[in-house]
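K.L.:
Next comes the sequence, and after it the predicted model I'd like to discuss.
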Amino acid sequence: MSFFLLDEDRCLNYNYKRTECHNCRNICPRQCWDESGQAWPERCDGCGLCQAVCPVDAIGVAGILPATWASLIADPADTVHLSCRRKGSGPWPCLGFLNARDLVALALTRPTQPPRDIFIYFAGCRQCNPAIANHLEKELAAANSFLAHYGKPCIREEMQPPPPAEETRLLSRRSFFGSLLETGVATVRNVIWAEENPVPLPKAQDRAKILSGLKYHEPDEVSQSVFPVVGIDGECLACSLCAKVCPTGSLTATDYEQRMELRHNPLLCTGCGLCTAHCPTACLVLAAAGPAREHTLRVQEYPLCNECGKPFKPAGQQLTCFDCLLKGRESIFGP
């Protein structure tokens, strides 16, 4: 059985030659990824740490399923307890898949209602897998620093495992297979398929929906380190290539005929680095901290064509507008 799945259509290393991402390899405590990028699923214990640090949601882990994640996002309860099923009563095999951005999003899922009380139990991780405990401790501290700055209740760590809820109590092996006999064949097939074929979670999309309507302070707010912040340091060509390659919509470019406005929303940024890797003048900088508000990075005038003198929207470091390029082609090859 494979404990994790890599979606090569999403993975940065499989799709962008200018980008190298080794987050999964660097954090994995069981060396499931080697230096060449080769994956060894048979070594995996399903901790989910690779899923937590993947900037493009390209990794799925068995037992951490989209339906369970969606139910947590939509949970109307005033109190939520986060725990794994190894040491607690939660629905996940491990909590390693969570990061600070996820915790902030979970704490802010009800912007028009009183905030929820969220508790997380990972004391048992210190005996089960210390790497998980260290990861969650760091991510919880970052999330709570962010929430405290905006006057939101912090997520509290529980030192004892939460009591099992009636609807999520684990079944015994006999009860489990007995219940399967009462279900249809299709349902059984879906259960087996879900367990043996991990699916990446759409966490970035869900965070974007939750955080898009959040109101923040004015531009002089203090910096934070949960959401990466992009800055410009150097010459911008107004090519908007950074916005075109951004997988989350954190960077957007608006065309105003003679100029381009580039805006950045850190709340949607995952720090994948595609924008900085593809900028033709290397003027983009990915900072570790900064204000978490949508803002204008640059209003840049379009360059003037060296043939006709008119402003045009370039593709990279191009000096001649497309109309003049086509005219030159026609003069050589004919209309």
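P.N.:
Perfect, I can see it now.
K.L.:
How many residues are close by V61?
P.N.:
27 (other C-beta atoms under 10 Å). Bear in mind the C-beta positions are built from the backbone N, C-alpha and C, glycine included.
K.L.:
in the stretch 1-150 of the chain, which spans are strands?
P.N.:
4-6, 59-61, 79-82, 117-121 (DSSP state E, counting those that start in this stretch).
K.L.:
Of all those strands, which one is nearest W40?
P.N.:
For the strands of the stretch 1-150 of the chain, the distance to W40 is smallest for strand 4-6, at 10.1 Å, taking C-beta to C-beta.
K.L.:
Tell me which other helices or strands the closest one touches.
P.N.:
strand 59-61 (3 or more C-beta pairs under 8 Å, 6 or more residues apart in numbering; DSSP states H and E).
K.L.:
Any chance you could list what contacts the strand it packs on?
P.N.:
3-7, 24, 44, 46-48, 50-51, 93, 97, 198-201 (C-beta atoms under 8 Å, 6 or more residues apart in numbering).
K.L.:
just stretch 8-28 next, same as before
P.N.:
Contacts to stretch 8-28, defined as C-beta under 8 Å, 6+ apart, come from residues 32-35, 37, 49-50, 52-59, 131, 135, 200, 245, 272-274, 277-278.
K.L.:
Weed out the non-buried ones from these.
P.N.:
Neighbour-count burial (16 or more other C-beta atoms under 10 Å) is assigned, among the contacts of stretch 8-28, to 32-33, 49-50, 52-59, 131, 135, 200, 245, 272-274, 277-278.
K.L.:
Neighbours of the spatially closest residue to E35 that is not a sequence neighbour, how many?
P.N.:
Closest residue to E35 apart from its sequence neighbours, by C-beta to C-beta, 6 or more residues apart in numbering: R25 at 7.4 Å. Neighbour count for R25, taken as other C-beta under 10 Å: 18.
K.L.:
And R25, how close does it get to D57?
P.N.:
With distances taken as C-beta to C-beta, to the nearest Å, R25 is found 17 Å from D57.
K.L.:
can you check V245 too?
P.N.:
Separation of V245 from D57 (C-beta to C-beta): 16 Å.
K.L.:
try T296
P.N.:
Taking C-beta to C-beta, one finds T296 at 28 Å from D57.
K.L.:
Return the distance of Q31 relative to S145.
P.N.:
According to C-beta to C-beta, Q31 and S145 sit 31 Å apart.
K.L.:
So between the two, which is more surrounded?
P.N.:
Higher neighbour count among Q31 and S145: S145, with 15 against 9, using other C-beta under 10 Å.
K.L.:
which ones are touching the nearest residue to the more buried one once chain neighbours are set aside?
P.N.:
Closest residue to S145 apart from its sequence neighbours, by C-beta to C-beta, 6+ apart: Q224 at 7.0 Å. For Q224, the contact set (C-beta under 8 Å, 6+ apart) comprises S145, F146, H149, A289, G290, P291, A292.
K.L.:
Neighbour-wise, which one of those leads?
P.N.:
Tallying neighbours with other C-beta under 10 Å puts A292 at the head of these, with 26 neighbours.
K.L.:
ok, now how distant is V56 from A62?
P.N.:
Going from V56 to A62 by C-beta to C-beta gives 20 Å.
K.L.:
Among the contacts of Q224, which are located in helices?
P.N.:
Among those, the members found in helices (DSSP state H) are S145, F146, H149.
K.L.:
Could you dump the residues you listed into a markdown table and include distance to L319?
P.N.:
What follows is those, written out as a markdown table (distance: C-beta to C-beta, whole Å):
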| residue | distance to L319 |
| --- | --- |
| S145 | 47 |
| F146 | 44 |
| H149 | 46 |
